[in-house]
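>>> model the following, please.
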Amino acid sequence: MEKQKRLAYVARRYYLEDQKQSDIARELGVSRPLVSRMLSEARELGIVEITVHEPGARAAKLLERLSGSVRGGILVEEGADNDETNRFLSQGAVELLGQLGTRRLGVGWGYLIGQLVTWLESHPQPNSTVTDICPLVGNASIPARNYQSNENVRLMAQQLGAAPHFLYLPALPESLEEKQLLCSTEVYRQIEQQWAQLDTALVNIGDYPSSPDFASLVRYGSLLQRHRACGRMLIYYFNEAGAVIQSDQDFAVQIPLDALGRCPNIIGVCSANTSAKALGGALKSGMFTHIVARQELVREWLEQ
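This next block holds a predicted model:
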């Protein structure tokens, strides 16, 4: 026991306190080669364990644990703050598009989508595989750039060297009747054709309640509270069990769920602020084939 305590002391001084072997030898009144042998013996006895973390190994293990929910994705480390984390996530989403060989891309909206557009403006990808981009949601009436679908599509297309296709309809018409009228127009039929040809959809995963509220009270009444909504994708809401909450009075203009489900690759992107509840509900919905998120967020959900 005394010998092991001595070996542990030497190991702590060397590995944890960054002391040189020569300094430890001088302190103990022994030779430096003896200190080296003591460190080797400490490893052999299991007093010291050395672990090498290969770059990306932790993310790969987390993704492997998600293999029952998604086919793959990119998980990023935490940044110094939320802005830096969102830049890492934006870069990861663009990298994943390249890995998938995306050609016809549908884009949602939300905070991270806006951050992704900003990142692309500083990091254009003229050799991207993407040839065509269209929005998955109509345009919001609020001035926030994150929810200006057509403008985000235009900017992304510009930075990716792709052709933009626009949806000249509001995301939230005045009523269900107005939505039905808008969806009977040639403009809507054209975007339906674009949606049918998508090979990849980039869809935001956010929390509920969210800001802006997207007229959820008018569209759903008390349904969201009764069904315990915890998250949002596009302007659809879901609960922790992964059930998408449906309303007969939903007048939002966005890609229908059945059309989205036919897209071969559906990437769920989580911002730095997305909660583990929202991520879990999204994964349980079965809608997503790939994920872009923080490693810590995925670990938190897996350990719940």
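>>> alpha carbons only for contacts and neighbour counts from here, please
Noted.
>>> what sits closest to Glu121 if chain neighbours are left out?
The spatially closest residue to Glu121, leaving aside those adjacent along the chain, is Gln159, at 6.4 Å (C-alpha to C-alpha, 6 or more residues apart in numbering).
>>> low pLDDT regions in this structure?
For the chain, the stretches with pLDDT under 70 are 51-56.
>>> can you give me the strands for it?
Along the chain, the stretches classed as strands by DSSP state E are 72-76, 104-107, 132-135, 163-164, 200-207, 229-233, 236-239, 265-270, 290-294.
>>> among the ones you listed, which comes closest to Leu62?
strand 72-76 (8.3 Å; C-alpha to C-alpha).
>>> in its sheet, what does that closest one sit against?
strand 290-294 (parallel) (DSSP bridges).
>>> angle of the strand it pairs with against strand 265-270?
20 degrees (axes from the mean of the first three to the mean of the last three C-alpha atoms, to 10 degrees).
>>> now the strands of the chain in JSON lines, with mean neighbour count and distance to Gly114?
Listed next are these as JSON lines, based on neighbours: other C-alpha atoms under 10 Å; distance: least, C-alpha to C-alpha, whole Å:
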{"stretch": "strand 72-76", "mean neighbour count": "22", "distance to Gly114": "18"}
{"stretch": "strand 104-107", "mean neighbour count": "24", "distance to Gly114": "11"}
{"stretch": "strand 132-135", "mean neighbour count": "26", "distance to Gly114": "13"}
{"stretch": "strand 163-164", "mean neighbour count": "18", "distance to Gly114": "16"}
{"stretch": "strand 200-207", "mean neighbour count": "26", "distance to Gly114": "10"}
{"stretch": "strand 229-233", "mean neighbour count": "25", "distance to Gly114": "15"}
{"stretch": "strand 236-239", "mean neighbour count": "24", "distance to Gly114": "19"}
{"stretch": "strand 265-270", "mean neighbour count": "26", "distance to Gly114": "12"}
{"stretch": "strand 290-294", "mean neighbour count": "27", "distance to Gly114": "15"}
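>>> any chance of those in a markdown table, plus distance to Ala252?
Compiled in a markdown table, the strands of the chain are given as follows (distance: least, C-alpha to C-alpha, whole Å):
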| stretch | distance to Ala252 |
| --- | --- |
| strand 72-76 | 29 |
| strand 104-107 | 16 |
| strand 132-135 | 14 |
| strand 163-164 | 22 |
| strand 200-207 | 16 |
| strand 229-233 | 13 |
| strand 236-239 | 9 |
| strand 265-270 | 20 |
| strand 290-294 | 25 |
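>>> tell me which of the ones you listed lies nearest to Arg189.
So among the strands of the chain, strand 132-135 is nearest, using C-alpha to C-alpha, at 13.3 Å.
>>> contact partners of that closest one?
103-108, 149-150, 153, 156-157, 162-167, 191, 194-195 (C-alpha atoms under 8 Å, 6 or more residues apart in numbering).
>>> now do the contacts for the residue nearest to Glu121.
Per C-alpha under 8 Å, 6+ apart, neighbours of Gln159: 120-121, 123-126.
>>> considering the residues you listed, which possesses the most neighbours?
Neighbour counts for the contacts of Gln159 peak at Leu120, which has 21 neighbours (criterion: other C-alpha atoms under 10 Å).
>>> sweet, I'm off.
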